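>>> coords below, sequence missing:
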């Protein structure tokens, strides 16, 4: 490592968690089990070996973070400076990153620090790194630690602070759009959608899809849209079968989480999305809000607003009867194009039956019908994607306190205030 010629350590034993070779299995080591030539597997001098031991200790103590406690997933955050020249600035930055400076202690006292990767974990260091200049890069090493074994699952190399800043900006945009839900996007939400059991008879999960998405979003590489939506729909369909006492919160949270995760992946992989860090009350129309949510075609917008109409039916039924029989019409979110086209008429009939065909519902129906009428046939869209956009609409309207509902009533209140002001001026 130092580039000098010196006597190697005869029998190097790497620190716990950093063992990448063995000295006790004949077929895996150079020279067999001959102790005098074991050094060939890891030729390093005593001074460099001590440096490695000290570095490994510091990484374990200060740069290791928990991603998912239940699955023993952690990540190491390893800084790498672009210059090898030692100076005071580098020392200062290292102390801040490793949490041993006064400036980092002050940063930990801030109440507005938001996590990017995991939930309920102290990620002050990422908040610190994103504000730095690109004089260093960081490596993310995701590992699963089980007993004395450390399995490396993913290495994301060469991430500049400017890229972290961009990812945090995407997160801020999404958190702002969904703030009425007190939303806090983290990669752990994506993890909950993309991991799945290898088979129904085991508790072993396949986490490779998550690691692929994690890597690609950090590196701004494409993610397969059909694959991504299939993961979201698997969980949405699962919670749609929950009993009514947990159905409302489970479905709302799952759908809005899926929507936020979808938007984050679009933004972080370079897709064009008309989105900004804009609060709900600053949108001028339902259409403008829909444009900001990743719906780039008339079909996607039409399906979203159709789902919003369905959500109003479900709300009316829950309010009137304490049940939601109209959910059966959604066929577990496995509808085809024919089912979808018949859905709006059935929704209008139900709203009329419950005497709930008011201004909001009429506006949603008009938007859904208008957008879908402009779509050429056949629609050429997969069953998963078709139901995904409908589900997003449902999640935005079938309970109070969701972004779309709040936007509409804010717009109505603003309209009423404007009319009152104009009336007062006319009377004067």
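Great, that's in hand. Note that the structure is predicted; figures quoted are calculated from it, not measured. Numbering: from 1, shown residues only.

>>> Okay, helices next: where are they in the stretch 1-150 of the chain?
Applying DSSP state H, counting those that start in this stretch to the stretch 1-150 of the chain gives helices spanning 46-62, 88-97, 102-108, 124-129.

>>> mean pLDDT lowest for which of those helices?
The minimum mean pLDDT among those belongs to helix 102-108 (a mean of 47).

>>> how close does residue 132 sit to residue 160?
Between residue 132 and residue 160 the distance is 9 Å, computed by C-beta to C-beta, to the nearest Å. Where you see a C-beta, it was placed from the backbone N, CA and C, and this is true even at glycine.

>>> How about residue 140?
From residue 140 over to residue 160 the distance is 12 Å, taken as C-beta to C-beta.

>>> Equivalent analysis for residue 205, please.
Taking C-beta to C-beta, one finds residue 205 at 31 Å from residue 160.

>>> Could you check which of these two has the larger neighbour count?
Using other C-beta atoms under 10 Å as the criterion, residue 205 and residue 160 rank with residue 160 on top: 18 against 14.

>>> Excluding sequence neighbours, find me the nearest residue to the more buried one.
Spatial nearest neighbour of residue 160, excluding adjacent residues (C-beta to C-beta, 6 or more residues apart in numbering): residue 134 at 4.6 Å.

>>> wouldn't that neighbour be in contact with residue 165 here?
No - in this structure, residue 134 is not within contact of residue 165 by C-beta atoms under 8 Å, at 9.8 Å.

>>> contact partners of stretch 407-423?
Identification of contacts with stretch 407-423 by C-beta atoms under 8 Å, 6 or more residues apart in numbering yields 280-281, 283-286, 289, 359-360, 363.

>>> Which of the residues you listed are buried? Put it as a PyMOL command.
Only the buried entries of these go into this PyMOL selection, using 16 or more other C-beta atoms under 10 Å:
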select buried, resi 280+283+286+289+360+363
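
>>> can you list the contacts of stretch 407-423 in TSV and add pLDDT?
Below are those laid out as TSV (pLDDT from 0 to 100):
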residue	pLDDT
280	78
281	78
283	85
284	87
285	88
286	89
289	88
359	89
360	91
363	93
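
>>> Between the contacts of stretch 407-423, which sits nearest residue 406?
residue 280 (5.5 Å; C-beta to C-beta).

>>> my guess is residue 303 meets residue 340, correct?
Yes - contact between residue 303 and residue 340 holds when scored by C-beta under 8 Å: they sit 7.1 Å apart.

>>> who has more neighbours, these two?
Ranked by neighbour count (other C-beta under 10 Å), residue 303 and residue 340 place residue 303 first, with 29 against 21.

>>> Buried ones in the helix or strand hosting residue 217, by neighbour count?
Using DSSP states H and E, residue 217 falls within helix 208-219. By neighbour count with 16+ other C-beta under 10 Å, helix 208-219 contains the buried residues 209-218.

>>> Contacts for it next, please.
In this structure, residues lying in contact with helix 208-219 by C-beta under 8 Å, 6+ apart are 140, 142, 153-154, 156, 159, 163, 167, 187, 190-191, 194-196, 221-223, 227-228, 231, 264-265, 268-269.

>>> what's the spacing between that helix and its chain's center?
Distance, stretch centre to chain centre, for helix 208-219: 11 Å (C-alpha atoms, centre = their mean, to the nearest Å).

>>> That helix: what's the following helix or strand?
As assigned by DSSP H and E, the chain's next helix or strand after helix 208-219 is helix 225-239.

>>> Give me the mean pLDDT for that following helix.
Taken as a whole, helix 225-239 has a mean pLDDT of 95.

>>> Show me what it is packed against.
For helix 225-239, the packing partners by 3 or more C-beta pairs under 8 Å, 6 or more residues apart in numbering; DSSP states H and E come out as helix 187-194, helix 208-219, helix 244-268, helix 383-397.

>>> do that again at 7 Å, thanks
helix 187-194, helix 244-268, helix 383-397 (3 or more C-beta pairs under 7 Å, 6 or more residues apart in numbering; DSSP states H and E).

>>> what's in contact with the last one?
Counting by C-beta atoms under 7 Å, 6 or more residues apart in numbering, the neighbours of helix 383-397 from elsewhere in the structure are 226, 229-230, 232-233, 236, 251-252, 255-256, 259, 300, 303-308, 310-312, 314-315, 333-337, 340, 402-405.

>>> Count the residues that sit near residue 334.
By other C-beta under 10 Å, 13 other residues sit near residue 334.

>>> what sits against it?
383, 387.

>>> do you know how far it is from residue 267?
29 Å.

>>> what's the answer for residue 138, then?
Look at residue 138 and residue 267: by C-beta to C-beta, they are 21 Å apart.

>>> cool, residue 244 as well?
As for residue 244, its distance to residue 267 is 35 Å (criterion: C-beta to C-beta).

>>> Could you do residue 190 as well?
Taking C-beta to C-beta, one finds residue 190 at 13 Å from residue 267.

>>> More neighbours: which of those two?
residue 190 (26 against 22).

>>> wouldn't the more buried one be in contact with residue 262 here?
No - the criterion here is C-beta atoms under 7 Å, and residue 190 misses it with residue 262 at 9.5 Å.

>>> if we can go back for a sec, same list, the helices of the stretch 1-150 of the chain, but as TSV with mean neighbour count please.
As requested, the helices of the stretch 1-150 of the chain are exported to TSV (neighbours: other C-beta atoms under 10 Å):
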stretch	mean neighbour count
helix 46-62	14
helix 88-97	15
helix 102-108	12
helix 124-129	20
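
>>> what would these look like in TSV with distance to residue 323?
Below are those laid out as TSV (distance: least, C-beta to C-beta, whole Å):
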stretch	distance to residue 323
helix 46-62	54
helix 88-97	54
helix 102-108	48
helix 124-129	45
